[in-house]
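> below is the structure, and that's it, no one-letter string:
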């Protein structure tokens, strides 16, 4: 998959890197989770925090915050979050690198969109989900064999839901 690299050194992937597909998943999850409702934080609230986030991931040519927010909303909406998709755009180029067509982003949003396009082409886009817990709403990648994972974390969100249901049942039993 060396030819699918977007914005990263092709030679790095050819010599033992985990792989482009896993890097794409990590980048997409990080972008989809730039907003954390539980902590009340959003990387896209300020240009400085976005620049730091993008720099930490080796992404250059930082985009404007409104188009990034629109892209995040649209991508999360496509995963079933229910928000209305807003128009956005990012720029990528298709180039031949060592005789192999590659998706080459021209900016940070282009790198994110290239990663999303590759996961769609590889058939793994449908493994991205949004946690149904109202306080969480984190994006996660379902690595289960039968693609049946519901929660971002069995230890946190799933346990909270089980505890909530147990409290409701106990309360209903004691009321009767």
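Ah, there it is. Predicted model only: the values in this text are computed from it and were never measured.

> name whatever forms a beta bridge with residue 97.
Beta bridges link residue 97 to residue 100 when assigned by DSSP bridges.

> now do the helices in the chain.
Taking DSSP state H to define them, one finds helices in the chain at 10-14, 20-32, 47-56, 65-78, 108-121, 159-175.

> wait, which of the ones you listed is closest to residue 39?
Counting by CB to CB, residue 39 lies closest to helix 47-56 out of the helices of the chain; the figure is 13.1 Å. (Glycine included, C-beta is placed from N, CA and C.)

> so what does that closest one touch, helix or strand wise?
In terms of contacts (3 or more CB pairs under 8 Å, 6 or more residues apart in numbering; DSSP states H and E), helix 47-56 is packed against helix 65-78.

> got the angle between the helix it packs on and helix 20-32?
110 degrees (axes from the mean of the first three to the mean of the last three CA atoms, to 10 degrees).

> switch to numbering from 728
Yep, numbering from 728; the last one is helix 792-805 now.

> thinking again about what came up before, reformat the helices of the chain as TSV; add mean neighbour count, mean pLDDT and distance to residue 766.
Shown next, in TSV, are the helices of the chain (neighbours: other CB atoms under 10 Å; pLDDT from 0 to 100; distance: least, CB to CB, whole Å):
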stretch	mean neighbour count	mean pLDDT	distance to residue 766
helix 737-741	14	36	33
helix 747-759	19	94	15
helix 774-783	14	93	13
helix 792-805	18	91	16
helix 835-848	22	91	22
helix 886-902	10	71	15
